[in-house]
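# what follows is a predicted protein model with its sequence.
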Amino acid sequence: MSETMNAAAPLVDVDGLTVRFTGRDLDISVVNGVSFSLARGEAMCVLGESGSGKSVTLRALMRLFPATARLDGRVTVDGIDVLGLGAGQLRSIRGGLISMIFQEPMTALDPVFTVGQQIAETLVCHEGISYRAAHGRALELLELVQVPSAKRRLEAYPHELSGGLRQRAMIALALACNPKLLLADEPTTALDATVQIQILLLLRQLQRELGMGIIFVTHDLGVACEVADKMAVMYAGRFVETGSVEQIMSRPRHPYTQGLMNSTIHADMRGVTLDPIPGAPPDLTDLPAGCAFAPRCAAAREPCLGRQPELVALEAGQQARCLQYESGPAFARAPLLKAS
């Protein structure tokens with residue numbers, strides 16, 4: 001009975017997560033009440049502009065922050081209360097239960113150790129196996145992520161590999177201890193288009209074969225479509241729309257999501273003028289009392305300036321944070337604001 005209930009429970013359950021950085025001259029709220037869940041074997045993409053809080057949300061799941069960060073809310077991964085763990089307990093789940101692929105492998109990998117040494121060290125630390133066994137396992141991992149001439153690349157230093165091979169080595173390192181949750185922070189940003197699609201397809205293949213949950217951060221709609229089962233669109237530290245990939249791509253409901261769609265280039269858009277979102281994201285040190293997107297929103301009305309809207313359930317599984325769905329006809333009758 002308990003095993004059945006555990007299998008049915010979500011792998012990740014986040015409720016009211018807030019992340020705030022404070023210091024002598026700093027007080028900034030980067031994540032503001034984020035809630036979501038991720039099933040076992042499911043892939044979720046977090047989409048949004050730079051500075052929206054995507055990467056900070058991802059790092060909060062591993063508590064990869066300095067002492068100046070304040071985290072509140074609830075974060076559980078495989079039933080473990082991550083925010084309640086001590087330093088030693090955190091080290092035990094990082095790389096084992098939860099692993100992360102960072103945005104730039106050249107800075108994430110240690111330049112003074114070979115790729116094989118870095119993967120083997122992770123295995124020795126978390127699995128308690130001998131270095132000889134770990135080195136053999138490192139070779140298997142490089143072969144798993146389709147690194148050509150894997151035995152030779154095992155003895156290479158990061159600077160001796162191309163961007164695509166470094167990224168594959170980073171994926172191998174992240175998968176070394178068979179994590180249940182894989183976090184990917186824009187892992188294809190530094191790669192050319194051909195290598196990007198190879199890495200995306202590889203991640204999706206490995207996720208399905210190994211049964212991992214994946215949370216993938218990006219600002220690229222094409223990337224989101226290739227990797228995810230469901231999406232969360234983030235703006236000013238909040239999820240403004242959530243739903244399946246099909247729902248959000250075919251019928252985006254929040255004005256910000258619609259703006260992202262309209263400002264994205266497609267292959268058949270030669271001669272078509274883009275309709276970009278006006279203005280810039282808000283200053284996180286001075287967020288407005290109302291909807292943070294209102295100053296940039298063509299559909300904004302006077303009530304949008306008064307209070308922060310809540311996530312409203314729309315069709316099955318889809319939610320949007322917009323007063324037009326909360327207030328209905330009353331919102332439509334309110335005076336329209338002019339977008340800046």
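It's in.

# for the longest helix along the chain, packing partners?
Among all segments of the chain classified by DSSP state H, the helix with the greatest residue count is helix 193-210. Contact here means 3 or more Cβ pairs under 8 Å, 6 or more residues apart in numbering; DSSP states H and E; on that basis helix 193-210 packs against helix 163-175, strand 181-185, strand 213-218, helix 221-227. Heads up, the C-betas are built off the backbone N, CA and C, glycines and all.

# phi, psi for residue 37 please.
Here is the backbone geometry of residue 37 (degrees, to the nearest 10): phi -140, psi 160.

# that one: what's its closest spatial neighbour, skipping adjacent residues?
residue 10 (4.1 Å; Cβ to Cβ, 6 or more residues apart in numbering).

# residue 38 is in contact with that neighbour, correct?
Yes - the pair residue 10 / residue 38 is scored as a contact, 6.1 Å apart, by Cβ atoms under 8 Å.

# stretch 92-110: how far from the chain's middle?
The chain centre lies 14 Å from the centre of stretch 92-110; the measure is Cα atoms, centre = their mean, to the nearest Å.

# brain fart, stretch 120-138
28 Å.

# again with stretch 80-98
19 Å.

# pLDDT-wise, which helix or strand of the protein ranks last?
Of all helical and strand segments in the chain, the minimum by mean pLDDT, DSSP states H and E falls on helix 2-8, at a mean of 53.

# follow-up on the earlier one: who has more neighbours, residue 10 and residue 38?
residue 38 (21 against 17; other Cβ atoms under 10 Å).

# quick revisit: contacts for the helix or strand just after the least confident helix or strand of the chain?
Downstream of helix 2-8, the next assigned helix or strand under DSSP states H and E is strand 12-23. Contact with strand 12-23 is made by 27-38, 53, 56-57, 60-61, 65, 68-77, 181, 213, 215, 237, as judged by Cβ atoms under 8 Å, 6 or more residues apart in numbering.

# and strand 12-23 with strand 213-218, angle?
Orientation check (axes from the mean of the first three to the mean of the last three Cα atoms, to 10 degrees): strand 12-23 against strand 213-218 gives 40 degrees.

# what angle do strand 12-23 and strand 181-185 make?
50 degrees.

# neighbouring strands - and their directions - for strand 12-23?
Applying DSSP bridges to the sheet, strand 12-23 is found paired with strand 26-38 (antiparallel), strand 69-77 (antiparallel).

# could I get those strands as JSON lines with mean pLDDT and distance to residue 141?
Output for the strands paired with strand 12-23, formatted as JSON lines (pLDDT from 0 to 100; distance: least, Cβ to Cβ, whole Å):
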{"stretch": "strand 26-38", "mean pLDDT": "93", "distance to residue 141": "24"}
{"stretch": "strand 69-77", "mean pLDDT": "96", "distance to residue 141": "22"}
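
# quick one, which of these gets closest to residue 256.
Nearest of those to residue 256, taken as Cβ to Cβ: strand 26-38 at 15.0 Å.

# low-confidence ranges in the protein?
When residues are selected by pLDDT under 70, those of the chain lie in 1-7, 190, 266-269, 338-340.

# now with 80, please.
1-8, 188-199, 219-220, 222-223, 226, 264-275, 338-340 (pLDDT under 80).

# one step back: which residues touch the longest helix of the chain?
The contact list for helix 193-210, computed with Cβ under 8 Å, 6+ apart, reads 41, 43, 144-146, 163-164, 167-168, 171, 175, 178, 182, 184, 187-188, 191, 212, 214, 216, 223, 226-227.
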